[in-house]
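Participant: Generate coordinates for the sequence data below:
(one chain, ligands or ions: 2)
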Amino acid sequence: MSAATVRNPAVRRLADWSAERLRALADDHGTPLYVLDLDRVRQNYRRMADAFPEAEVYYAAKANTARPVLRALADEGAGIECASAGELARVLDAREAQCASDARAGRDDPRAGVAGSRVHYTAVNPPDRDLDVAVRLADDHPGLTITVGAADTLDRLAERGYDGRICLRVNPGVGAGHHEKVATGADAKFGVPYDRAADLAEDATARFEVVGLHAHAGSGISGEDLSAHRELVSRMGDLAREVESQDVELEFVDVGGGFGVPYRPDEDPLDLDAVAAATREALGEVDATLAVEPGRYLVADAGVLLTAVNTVKEAGDGAVVGVGAGMTTLARPALYDAHHEMRNVSADAERRPDREVTVAGPVCESADTFGDHWLADPERGDLLAIGNSGAYGYEMANQYNSRPRPASVVLDGDDVRVARRRETIADVTAVEPEDQA
Ligand SMILES: Cc1ncc(COP(=O)(O)O)c(C=O)c1O
Ligand SMILES: N[C@@H](CCCC[NH3+])C(=O)O
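Facilitator: Ligands and ions are numbered 1, 2, ... in the order given. Next up is the predicted model:
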């Protein structure tokens, strides 16, 4: 089945990708290569918007900031949630120094051109530079909302002359997620203490327009974690009623993102309608509109990472299959022991027997492995596809071992657009002053 013929199933498997198309993309653009199917992103968004018809959906851009993705989701009606000044500059049609220098360098304009009123900036311990940029952008883009998770961030904004839209991020005391490193809801780093939030919201109205409350439990919540989600939403409903009773006119209560997707074939997809029903029931009656901010759910299964087999080494009873992508390309397995399905795309036309092998990258770290996988017996030169790579894949890639970042392409029907060209070693060293000894 080709990508374009998949209608709107909740699960998209690695086997659904056309091998022929993936091989052609690898031939044209080289590997490692991130491939993202925009049609699938749109389908995922529509499924989310259909499940939450009463809610505002803000896409958490940190999952994948490729400009075609931001534009496609904004066109579908999504707002965008940003985690930094850099993400804000990408998302807004802003005259930022960074954008100007990109233009001078002849690069395509990296800005997505989303209206300020559709953008939330969630500031987590924001550096001064981020606040400076955010305040400047808020001036140019009316309606931008700044989400604040510490009382003194309010002071820092006021010191910069900001008196605009504020959302208060609350620590709900309930965390969830696929790994302890991605649970945010009970981590004191995020949000103001729950029991101080109502007073803080009321006090803040003296200096700002307080428009929302926000909390986020964590990332990769499965159907089994729903009790944590329900508890978070219920606490936010209680808080919203208290704040509204203090005559603060809230526009929205944002209960975060975190909606998980299956990474293993035996995992079930989230029943979004059930999640939405549980959310509604837990929130109860509030005047404010519900908001959600999914990242992974919209982009994860729209992406694959293509990589070539460069080494096959028999070792003991098994084999280690060396590939070009590593922890610098896709960090999730090394960071969270995350599992990503793999498929030997080259072997599809042949009848090679499956074999369990360890797939490992080129980085000089023992953690640089994608774990054990059953694959059609890999040979040097084969092309492997790594599934569910559309979220937190390219975004977390880095240059450790002086390894240039990979390229990424976006498919829109039959169109193929380069979202990020492949970096070169010259890109890696470009930030070093030329006169350095
Ligand atoms: C504040 C906030 N909102 C939204 C998200 C998106 O999470 P996910 O990609 O799991 O939907 C995150 C990431 O965990 C987050 O920290
Ligand atoms: N980067 C994490 C998700 C966390 C998002 C940020 N709070 C992952 O790949 O699963």
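Participant: going forward, measure contacts and count neighbours with C-alpha atoms only.
Facilitator: OK.
Participant: So which bits of the stretch 151-300 of the chain are right by ligand 1?
Facilitator: Taking Cα under 6 Å from any ligand atom as the test, the list of the stretch 151-300 of the chain residues beside ligand 1 reads 216, 218-220, 256-259, 293-297.
Participant: swap the cut-off to 5 Å and go again
Facilitator: Within the stretch 151-300 of the chain, the positions lying close to ligand 1 (Cα under 5 Å from any ligand atom) are 219, 220, 257, 258, 294, 295, 296.
Participant: Across the sheet, point out what pairs with the residue of the stretch 51-200 of the chain found nearest ligand 1.
Facilitator: Per Cα to the nearest ligand atom, the residue of the stretch 51-200 of the chain with the smallest distance to ligand 1 is residue 60, at 5.0 Å. Following DSSP bridges, residue 60 is listed with bridge partners residue 81.
Participant: Next: residue 289.
Facilitator: Where residue 289 sits in a bridge, its partners, by DSSP bridges, are residue 252.
Participant: Could you check how far it is from residue 184?
Facilitator: 23 Å (Cα to Cα, to the nearest Å).
Participant: Which one's more surrounded, the two?
Facilitator: When neighbours are counted by other Cα atoms under 10 Å, residue 184 comes out ahead of the other of residue 289 and residue 184, with 23 against 14.
Participant: out of everything not next to it in sequence, what's closest to the more buried one?
Facilitator: Nearest residue to residue 184, sequence neighbours excluded (Cα to Cα, 6 or more residues apart in numbering): residue 218, at 4.8 Å.
Participant: Touching, that neighbour and residue 183? I think so.
Facilitator: Yes. Applying Cα atoms under 8 Å as the test, residue 218 and residue 183 come out as touching, 4.1 Å apart.
Participant: how far is stretch 33-47 from where the chain is centred?
Facilitator: 13 Å (Cα atoms, centre = their mean, to the nearest Å).
Participant: Quick one: mean pLDDT over it.
Facilitator: The pLDDT scores in stretch 33-47 average 97.
Participant: Just the buried positions in whatever helix or strand residue 411 lives in, please.
Facilitator: In the assignment (DSSP states H and E), residue 411 maps to strand 407-412. By neighbour count, and taking 16 or more other Cα atoms under 10 Å as the criterion, the buried residues in strand 407-412 are 407, 408, 409, 410, 411, 412.
Participant: Reformat the residues you listed into TSV and put pLDDT and distance to ligand 2 next to each item.
Facilitator: Rendered in TSV, the data for the buried residues of strand 407-412 read as follows (pLDDT from 0 to 100; distance: Cα to the nearest ligand atom, whole Å):
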residue	pLDDT	distance to ligand 2
407	98	19
408	98	17
409	98	20
410	98	20
411	98	22
412	97	24
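Participant: Farthest-apart pair in those, please.
Facilitator: The two members of the buried residues of strand 407-412 with the most space between them (Cα to Cα) are 407 and 412, at 16.7 Å.
Participant: Just want the phi and psi numbers for residue 209.
Facilitator: Listed backbone geometry of residue 209 is phi -90, psi 100, with angles given as degrees, to the nearest 10.
Participant: Likewise for the one 5 residues further on?
Facilitator: Recorded main-chain torsions at residue 214 are phi -140, psi 140, according to degrees, to the nearest 10.
Participant: Kindly export the helix or strand residue 86 falls within (C-alpha atoms) in PDB.
Facilitator: Following DSSP H and E, the helix or strand that holds residue 86 is helix 85-91. Coordinates of the C-alpha atoms in helix 85-91 are reproduced here as PDB (Å, rounded to 0.1, in the frame of the first residue of the first chain):
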ATOM      1  CA  ALA A  85      13.100  31.700  21.100                       C
ATOM      2  CA  GLY A  86      14.500  29.700  18.200                       C
ATOM      3  CA  GLU A  87      11.200  27.800  17.700                       C
ATOM      4  CA  LEU A  88       9.300  31.100  18.000                       C
ATOM      5  CA  ALA A  89      11.500  32.700  15.300                       C
ATOM      6  CA  ARG A  90      10.900  29.700  13.000                       C
ATOM      7  CA  VAL A  91       7.200  29.700  13.500                       C
END
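Participant: Please renumber the chain so that the first residue is 184 from this point on.
Facilitator: Yep, numbering from 184; the last one is helix 268-274 now.
Participant: So which elements touch it?
Facilitator: The elements that helix 268-274 packs onto, with contact taken as 3 or more Cα pairs under 8 Å, 6 or more residues apart in numbering; DSSP states H and E, are helix 311-323.
Participant: got the contact list for the helix it packs on?
Facilitator: The set of residues external to helix 311-323 that reach it, using Cα atoms under 8 Å, 6 or more residues apart in numbering, is 267-268, 271, 277, 299, 304, 327-329, 340, 343, 345, 347.
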